[in-house]
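# turn this into a model:
(chains A and B)
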Number of protein chains: 2
Amino acid sequence: MKYNSLNLELLKELQSMLAVPIKYDEETLERYSRDETAELKAVKPEVVVFPVSTEEVSDVMRFANRHLIPVTPRGAGTGLSGGAVPAFHGIVMSLEKMNRILEFDAANMMITVEPGVITGEIQKLADRHGLVYGGDPCSSESSSIGGNIAENAGGNKVMKYGPTGYHVYGLEVVLPSGEVTRLGGKMIKDVSGLDLIHLIVGSEGTLGIATRITLRLLPKPKYSVALLIPFPDIDTAIAAVPKLMTGSGVVPTSLEFMDASSIKAVCSFLNMEFPYADAGAHLIVEVEGSSKDSVFDDYVKLGESAIEAGGLEAFVADNRNTREKLWKARKSIAEALASISPVHCMEDVSVPMASIPELIKFSEEIARERGLEMIAFGHAGDGNVHVSFIKGDMPEERWNEALPLALEELYAKTTGLGGCISGEHGIGLKRKKYLASITDRAQLDLIRGIKRAFDPSYILNPGKIVDL
Amino acid sequence: MKYNSLNLELLKELQSMLAVPIKYDEETLERYSRDETAELKAVKPEVVVFPVSTEEVSDVMRFANRHLIPVTPRGAGTGLSGGAVPAFHGIVMSLEKMNRILEFDAANMMITVEPGVITGEIQKLADRHGLVYGGDPCSSESSSIGGNIAENAGGNKVMKYGPTGYHVYGLEVVLPSGEVTRLGGKMIKDVSGLDLIHLIVGSEGTLGIATRITLRLLPKPKYSVALLIPFPDIDTAIAAVPKLMTGSGVVPTSLEFMDASSIKAVCSFLNMEFPYADAGAHLIVEVEGSSKDSVFDDYVKLGESAIEAGGLEAFVADNRNTREKLWKARKSIAEALASISPVHCMEDVSVPMASIPELIKFSEEIARERGLEMIAFGHAGDGNVHVSFIKGDMPEERWNEALPLALEELYAKTTGLGGCISGEHGIGLKRKKYLASITDRAQLDLIRGIKRAFDPSYILNPGKIVDL
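Alright, predicted model coming up:
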C-alpha cells in the first residue's frame, strides 16, 4: 500500500477543519505511537488530531480519502494488542475530546455517550441511578468506551453480563468514506437487515469510528458476595467450575482463577498474606442478588458445591472491605507482573473452559523448555487465560529469540484445543501475522471482502487484523 | 438476475450427490413454497432437496454455482416473514434431515447440534442435565434451531437471556461457494478477527448455511414464579416497567404485556375468565432464582414496585399449574387471532420500551381510519410489540388496499420513534421493499457489499433483505 505523507500545506488544510489544535511535536508523536502493549515496536504518526464532533470526524475521513492518508483511531491508549498504534504513520485520530455523556434515559434504561468517555464514569453514573452497566474490563478506570467497543473488551463479569458488545444497542458510525450512518437504537430487539453493530464491535476501528454509543443498563443487584476457594491443584479447580454452577443453579457474576505462581507474585507485590498460599490454584467466585438472603442462599450453595468438587475451604468476603481486598489481589496481578519484570508478555488465549488445565500445563512446559518464567491467571468461567511469559534476568537477545517461538507454540496449542488466540485484547499489530497463519483461507477472504466493502481505499486503521 | 432452470439432466446430477430422494411432485413443491406468514404470496421451487451431511450441503452449493441456480435454505418452515420462501424458484434446501444432537458437553456446558433439531428438544435435553438453553421463541415446539439462527429468533425470555445469537458460540458454515468454514467454538470469549458468527446469525440464510451449531447452556434456575398485574391503562403499565426493575433490582426472565383487546380475544378463544378482564392492560412478569426464598423475595419486591407504579393488583402464580395457565393465555393470543380472522397481519415492530404506548395509540388510530380491527400484545420489557391488524369481515379487496397503507404508516411511525420494523421475525420477503425505503443508502451499500463478499454469484437465498 502506498500512502501519501502530510506536507505543511496538508497539515494546514487539516487544521482548518478542526476546532482543537492538531499536534505534531516530537513528544506528542512519541506518546501517541504506543499503547500499553509493553513489547510492541512503536510506529510514529505524522500528526495527531482531536476532533470534537461527528462532523469533524467525518471531515477528517473525507480529507484522508482525498489525499490517501491512513487514519488510526484511538481511545484512551490502554490497549494490549496495538490496535490504536499506527502501522503506516499518517494521522492518529484521538477521540479523547469527545467525552460527553449525551443522555441518561431512565425510562428506557439506556445511556448515550461519546466514545471518549471513560468506562468507569458510565459505571458510576448508572450506579447512582440504581442501575448497572455490565461491561467491566479490568481497565475500566482508565480505558474509554470507544476503545472497549473497538476491541469488544471482556473482563471479570463476562460470565453473567457478556462482553462489551452485549451492551451496545445503538451506534452512530463515521464510515471510512466520511459518510455517517446510524445503527440500531434504544430497542432491545432488531433483526431488520444485517447485524452491522456487532460486526463493528470488535473490529478494532478498521470498519468505522463510533461517534455516539447507546448502551443498555440493567437493574443493579443490591448485594454481592465473593468467595475465595483454594484447591489442591489446577485440574481439580477447573473441573469444579461447571459442577459448582450446575450444583447450585447459580450464574456467578465472576469466576476467576489464579495459579500458585500468581498468588506468590501478588502476595509479594502487595506484601500481603493469603490463606492456603501454597494451594495449587484459587478460584474467586462472585455472586450478586437482589436481597441479602438470596445472596446468602446462593453463596452457601456455591460453597457447598465447591467443597464437594474438591475445594479445600470456602472463605466468604461478604462486606465491602474484605471483598475489595480479595479483588485487589486478583486485579493487581498485572502490576505485580510488571514489578517482577517490566519486560514480559501477557497473553489472553481463550479455550473451552475444561481445557484450561491442559493449556496451562503445556504453557509451563513451553516456558521450561525455553528457559522462561511464567504465571497463569484469568477467567475460569469463560476459558480466557492470561498465560504470561516473564523475561526476568534473561539476556534481551535470548528473550527476543525465545518469546516468538513460545508464542507460536502457545497459539498452536490453543487452536488445537479448539480455542482462539485472543479472547479480549484483540489482534491489533501484535498478533496479526499469527492470525493469518491459523485462519482458513475462506475466512480470511470473507474478512478482506468485508473490509473492502467498508473501506475500499484501505485508509482506516490499515495493517490491523488482515492486509488487503 | 437471470437464473437457469433445472432440466431433467440437472435434476439427475443433483440426485446423484444426495442420499435422500429429491422431490418435485406438485404437492411437495406447494408445501415448500410457504412458511407461516399467512398473507404471503407463494413462490414454488422447482425441486426440494434434503441433504443429510455438511458434504451434501456443500455439493449442492457447488452445483448451484456451476449452473447458476438459486438455493433457498429452509428449517422447519415456521417463519413469519417468508425468509425460507423462494423468491426465484430454483432449489429449496430443507435441513430437516440434519436433525442430530451431535454432542452434549457437560464439562464445558455446551451442546453441538445440526440445524434441523427442533429447539424444544435442546431445551428438554439441557433441562434433564440441570441446565437451561436460554433461547425460547414462542414456536420452540415446532421451529428448528437453524431457523432460529437464520432469523435471530427472540421470544419471551430475551430480557434475561438475550436473543438466539447470544447463545451461539460455534458455527460450521457452508458458504455460498460450497466452501466449509468453522467459526468460534466452545470458548466464551473470542476477538480473533471479525465477529462473523453474529453477522451470519440473523442474516436469513443469505450469507451461509449453518451445518453444525454449538450453543452455550447455563445453570438452570431451580424456581420460578409468574406475576399477573392488571393496570388501568397501557401508559401506566409501560411506565411501570423500568420502575419495577430499578425498584426491585431484579432482572425478570420475561416481562410481557397484553392490551384489553388481546385479553378479550384470548378469553373468548380459551373460554376462560381473567381477573380484571376490563383493565386497560396486563403485565406478566416471570422471575427465576436458585431457591424458593430468593424467588419469593424477588417477586414480593417486584409486586410492591408494580403496585407503587399504579398496578391494580399483583396475582402470584407460584405453582406449575397456575403458571402454565397464565402462560397459556399469553401464548394463545396468536391462535386466538387466527380463530377470529384467518386473514390478519401480525407485526413485530420494535421500539424503545417507553414508546410502546405512543406506538399502540398511533396503531389504533391507523386501524380506525382504515376500518381495520387491531390488537396489541408482546414483549414490554424489550419494546417488541405485536401490533396485529385483523381483516374480520372486511371485503378482501378493501383489505388488500388498506393493509399495505396501514403497514407503511406503522413502519414510518416505528422508525420515527427510533425503532425498527422487525424485532424477531425478520425482513424476509414480507418487508423487503419497506426496509429499502427506510434504510439510508450508505447502510444498504454496506449490506450489499457484505452480500457480495459472501455470495458473488447471488445464488444463496436471493431476493431477501436486499437486492444486488
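# quick check: nearest residue in space to residue A:302, chain neighbours excluded?
Spatial nearest neighbour of residue A:302, chain neighbours left out: residue A:248 (4.8 Å); criterion: Cβ to Cβ, 6 or more residues apart in numbering or on different chains. (Each C-beta comes from the backbone N, C-alpha and C, glycine too.)
# so what pLDDT did that neighbour get?
pLDDT, residue A:248: 84.
# what sits against it?
Residue A:248 makes contacts with A:298, A:301, A:302, A:304, A:305, B:219, B:290, as judged by Cβ atoms under 8 Å, 6 or more residues apart in numbering or on different chains.
# which ChimeraX command selects the buried ones in the residues you listed?
Here is the ChimeraX command that selects the buried residues among the contacts of residue A:248 (16 or more other Cβ atoms under 10 Å in any protein chain shown):
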select /A:298,301,302,305 /B:219,290
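# about what we covered before: look up how far residue A:227 lies from the residue nearest to residue A:302.
Relative to residue A:227, residue A:248 is positioned 11 Å away (Cβ to Cβ, to the nearest Å).
# what is in contact with the two at once?
Jointly contacting residue A:248 and residue A:227 under the rule Cβ under 8 Å, 6+ apart are residue A:302.
# any idea which element residue A:83 lies in?
Using DSSP states H and E, residue A:83 sits in no helix or strand.
# apart from its neighbours in sequence, what residue is nearest it?
Using Cβ to Cβ, 6+ apart and skipping the chain neighbours, the partner closest in space to residue A:83 is residue A:428 (3.9 Å).
# what about the one you found, which helix or strand?
Here residue A:428 is assigned to no helix or strand, by DSSP H and E.
# quick one: residues contacting the residue in the stretch 251-400 of chain A that chain B sits nearest to.
Closest to chain B within the stretch 251-400 of chain A is residue A:294: 3.1 Å, counting by Cβ to the nearest Cβ. Applying Cβ under 8 Å, 6+ apart to residue A:294 gives the contacts A:223, B:289, B:290, B:291, B:293, B:294, B:297, B:298.
# contacting residues around the fourth one?
Meaning residue B:291. Contacts of residue B:291 by Cβ under 8 Å, 6+ apart are A:294, A:297, A:298, A:301, B:222, B:223.
# next one, pLDDT for the residue nearest to the spatial centre of chain A please.
Chain A has residue A:153 as the residue nearest its centroid, 3.4 Å off, counting by Cα atoms, centre = their mean. For residue A:153, the model assigns a pLDDT of 97.
# surely it and residue A:422 touch.
No: if you go by Cβ atoms under 8 Å, residue A:153 and residue A:422 don't touch, sitting 11.5 Å apart.
# one step back: show me the two of the contacts of residue A:248 that sit farthest apart.
A:304 and B:219 (14.4 Å; Cβ to Cβ).
# returning to that earlier point: which stretch of helix or strand covers the residue of the stretch 251-400 of chain A closest to chain B?
Assigned by DSSP H and E, residue A:294 falls within helix A:292-308.
# and the angle for that helix with helix B:292-308?
Interaxial angle, helix A:292-308 versus helix B:292-308 (axes from the mean of the first three to the mean of the last three Cα atoms, to 10 degrees): 150 degrees.
# send the alpha carbons of helix A:292-308 over as PDB?
Taking Å, rounded to 0.1, in the frame of the first residue of the first chain, the C-alpha atoms of helix A:292-308 are listed here in PDB:
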ATOM      1  CA  LYS A 292     -29.100 -10.400  51.400                       C
ATOM      2  CA  ASP A 293     -31.000 -13.600  52.000                       C
ATOM      3  CA  SER A 294     -31.000 -14.700  48.400                       C
ATOM      4  CA  VAL A 295     -27.300 -13.900  48.000                       C
ATOM      5  CA  PHE A 296     -26.700 -15.900  51.200                       C
ATOM      6  CA  ASP A 297     -28.600 -18.800  49.800                       C
ATOM      7  CA  ASP A 298     -26.600 -18.700  46.600                       C
ATOM      8  CA  TYR A 299     -23.200 -18.500  48.100                       C
ATOM      9  CA  VAL A 300     -23.900 -21.300  50.600                       C
ATOM     10  CA  LYS A 301     -24.900 -23.500  47.700                       C
ATOM     11  CA  LEU A 302     -21.900 -22.400  45.600                       C
ATOM     12  CA  GLY A 303     -19.600 -23.000  48.600                       C
ATOM     13  CA  GLU A 304     -21.000 -26.500  49.300                       C
ATOM     14  CA  SER A 305     -20.800 -27.400  45.600                       C
ATOM     15  CA  ALA A 306     -17.100 -26.200  45.600                       C
ATOM     16  CA  ILE A 307     -16.200 -28.300  48.600                       C
ATOM     17  CA  GLU A 308     -17.900 -31.300  47.100                       C
END
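# tell me the mean pLDDT for it?
91.
# and stretch A:330-348, by the same measure?
91.
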